[in-house]
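> Take this sequence and fold it.
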Amino acid sequence: MDLKSNHSSPVLTDPAPLNKSRFGIHSSVLPYSTTVAAFSPALFLTIPRKKPGLLDDVRSSSWLDAMKSSSPTHKKIIKDPSTEPANDNEFSYRSWMLKYPSALTSFEQITNYAKGKRIALFLDYDGTLSPIVDNPDRAFMSHAMRAAVRNVAKYFPTAIISGRSRDKVYEFVGLAELYYAGSHGMDIMGPVRPFAKSRTNCISSTDKPGKEVNLFQPASEFLPMIDEVFRSLVEITKEIKGAQVENNKFCVSVHYRNVDEKSWTALAQSVHEFLKNYPRLRLTHGRKVLEVRPVLNWDKGKAVEFVLESLGLSNCDDVLPIYIGDDRTDEDAFKVLRGGNRGYGILVSSMPKESNAFYSLRDPSEVMDFLKSLVTWKKSSAL
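Got it, this is the predicted structure:
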């Protein structure tokens, strides 16, 4: 297939408000459905193209606003209102938590619903297990967090699903007992299951400790293109101070965390203009990052479904998936769990924002507390 033959414009995933949840106020007990969305073999997205000249320009206010809204300025959040006076930011956050209550304060409700069920745990990496840092190459998780993840994986099947390359996430986490999905789920290392061998782009392999695993890489044909785009974007953005381009194997991340806000438009425009020659790639955004990804019907939500299927947990009414993440790309996983009443999404955020998650946690430290609480609960329930 000649993926570069059609020279129409790339798909721009413009910012749009998330649909209001049909569930309304959160309930401590949700109806649980055994219905599982069928896996579609047609991976390529069918996206209607706009007429020439009508494609939204990244210089428009909507895209610039999206870059700003996905990159909030971090303000001090008062965790103990008894020691300091409340401020507008804290009041806004507390009001927001009425819709997205803390997974810590709601822990008993979550575990009451989890009784008699098998929990499957899915975790984002950046901003969830590690803090957001200026240099993406130094987004290290703490030793305490690694210990918490190791302990929780002893009791629950646990997967890391990240926009990073799978190898990079594995290097950061360093735990062989987990399952890993990199490049927004386009590179999955999971347990060996008979069904997987019948899938296209799924091969048997071994991980670093020598354990047999299955690798599922639905975008494998894009590898040469991604490498080419990565090299070109490094060259194109080198004059923009602070810009950093990261090759995440099946996607390319253009970080603007260290770029002066006055240069954000120029950076986005440069990437957009270059990608006009690559119609099989799309441009999306996350927390101070532009993501170049294949136009495939595949995301973190599909990755969750795939891992559940790989674990033999996709058609079971006694399974409770929990997904914890902080970014726009995690919303795809939240939607999967919410849409079928299948589990809980937990948004990690210290700022109010709309989400398809059910619960919230402020930061990685609260994520660690939640993981520790799961282990304590599991141990006590086994007595």
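> State the number of residues packed around the closest residue to Ser270 other than its chain neighbours.
The shortest distance from Ser270 to any non-neighbouring residue, by CB to CB, 6 or more residues apart in numbering, is to Ile236 (5.4 Å). Just so you know, the C-beta spots here come from the backbone N, C-alpha and C atoms, and that holds for glycine as well. Using other CB atoms under 10 Å, the number of residues around Ile236 comes to 18.
> what's the pLDDT at Ile236?
The model reports Ile236 with a pLDDT of 95.
> Hmm, Phe274 and it touching each other?
Yes. Contact between Ile236 and Phe274 holds when scored by CB atoms under 8 Å: they sit 5.8 Å apart.
> Now whichever strand or helix holds Val307: average pLDDT?
Per DSSP states H and E: Val307 is located in helix 300-310. Helix 300-310 carries an average pLDDT of 93.
> Going along the chain from that helix, find the next helix or strand for me.
Toward the C-terminus from helix 300-310 - assigned by DSSP H and E - lies strand 319-325.
> What pairs with that next one, parallel or antiparallel?
Its sheet considered, strand 319-325 pairs with strand 118-123 (parallel), strand 344-348 (parallel) by DSSP bridges.
> I'd like to know which elements the helix holding Val307 is packed against.
Applying 3 or more CB pairs under 8 Å, 6 or more residues apart in numbering; DSSP states H and E, one finds that helix 300-310 contacts strand 118-123, strand 158-161, strand 179-182, strand 187-190, strand 319-325, helix 331-339.
> again, only using 7 Å
When contacts are defined as 3 or more CB pairs under 7 Å, 6 or more residues apart in numbering; DSSP states H and E, helix 300-310 packs onto strand 158-161, strand 179-182, strand 187-190, strand 319-325, helix 331-339.
> what pLDDT does the residue nearest to Ser253 when sequence neighbours are not counted get?
Of all residues not flanking Ser253 in the chain, Glu246 sits nearest, at 4.3 Å (CB to CB, 6+ apart). Note on Glu246: pLDDT of 95.
> and what of Pro52?
According to the prediction, Pro52 has pLDDT 35.
> contact partners of stretch 358-367?
The contact list for stretch 358-367, computed with CB atoms under 7 Å, 6 or more residues apart in numbering, reads 26, 77, 97, 100-104, 106, 128-131, 145, 324, 338, 344-350, 370.
> again, only using 6 Å
Residues from elsewhere that reach stretch 358-367 (CB atoms under 6 Å, 6 or more residues apart in numbering): 26, 100-101, 103, 106, 128, 131, 324, 344-348, 350.
> Closest one of those to Asp167?
Proximity of the contacts of stretch 358-367 to Asp167 (CB to CB) peaks at Thr128, which lies at 18.8 Å.
> I'd say that closest one and Val348 touch.
Yes. If you go by CB atoms under 6 Å, Thr128 and Val348 touch, sitting 5.1 Å apart.
> Any chance you could list residues touching both of these two?
Asp326.
> Between these two, point out the one with more neighbours.
Thr128 (27 against 24).
> Name the helix or strand for that one, please.
Assigned by DSSP H and E, Thr128 falls outside every helix and strand.
> distance of it from Arg280?
30 Å (CB to CB, to the nearest Å).
> those helices in the chain, which residues are they?
For the chain, helices defined by DSSP state H occupy the ranges 61-69, 88-96, 107-114, 143-155, 166-173, 223-236, 264-275, 300-310, 331-339, 364-381.
> Leu320 is nearest to which of those helices?
Using CB to CB, the nearest of the helices of the chain to Leu320 is helix 107-114, at 5.1 Å.
> Now for Arg118, how many residues are close by?
Counted with other CB under 10 Å, Arg118 comes out at 14.
> could we number from 198 for the rest of this?
Sure, I'll start numbering at 198, so the last one becomes Arg315.
> in the sheet, who's paired with it?
For Arg315, the beta-bridge partners under DSSP bridges are Val516.
> Surely it touches Leu517?
No. In this structure, Arg315 is not within contact of Leu517 by CB under 6 Å, at 7.0 Å.
> got the phi/psi numbers for the closest residue to Trp293 other than its chain neighbours?
With sequence-adjacent residues excluded and distances taken as CB to CB, 6+ apart, Trp293 is closest to Pro549, at 3.5 Å. Backbone torsions of Pro549, given as degrees, to the nearest 10, read phi -60, psi 130.
> Who are the contact partners of Pro549?
Neighbour list for Pro549: Ser289, Tyr290, Trp293 [criterion: CB under 6 Å, 6+ apart].
> in the stretch 298-447 of the chain, which ranges drop under the pLDDT threshold?
Filtered on pLDDT under 70, the stretch 298-447 of the chain yields the residue ranges 388-410.
> repeat that for 90
Within the stretch 298-447 of the chain, the stretches with pLDDT under 90 are 329-334, 374, 386-413, 415-416.
> Who does the residue lying closest to Val451 once chain neighbours are set aside form a beta bridge with?
Among residues not flanking Val451 along the chain, Leu487 sits closest, at 4.3 Å (CB to CB, 6+ apart). With DSSP bridges applied, Leu487 shows beta-bridge pairing to Val451, His482.
> okay, Leu487: pLDDT?
pLDDT, Leu487: 94.
> burial count for it?
Leu487, neighbours per other CB under 10 Å, totals 27.
> which of the contacts of stretch 555-564 sit farthest apart?
Maximum distance among the contacts of stretch 555-564 (CB to CB): 27.2 Å, for His223 and Pro328.
> Spit out the contact partners of the spatially most central residue of the chain.
Ranked by distance to the mean C-alpha position of the chain (CA atoms, centre = their mean), the top residue is Asp527 at 3.4 Å. Going by CB under 6 Å, 6+ apart, Asp527 touches Asp321.
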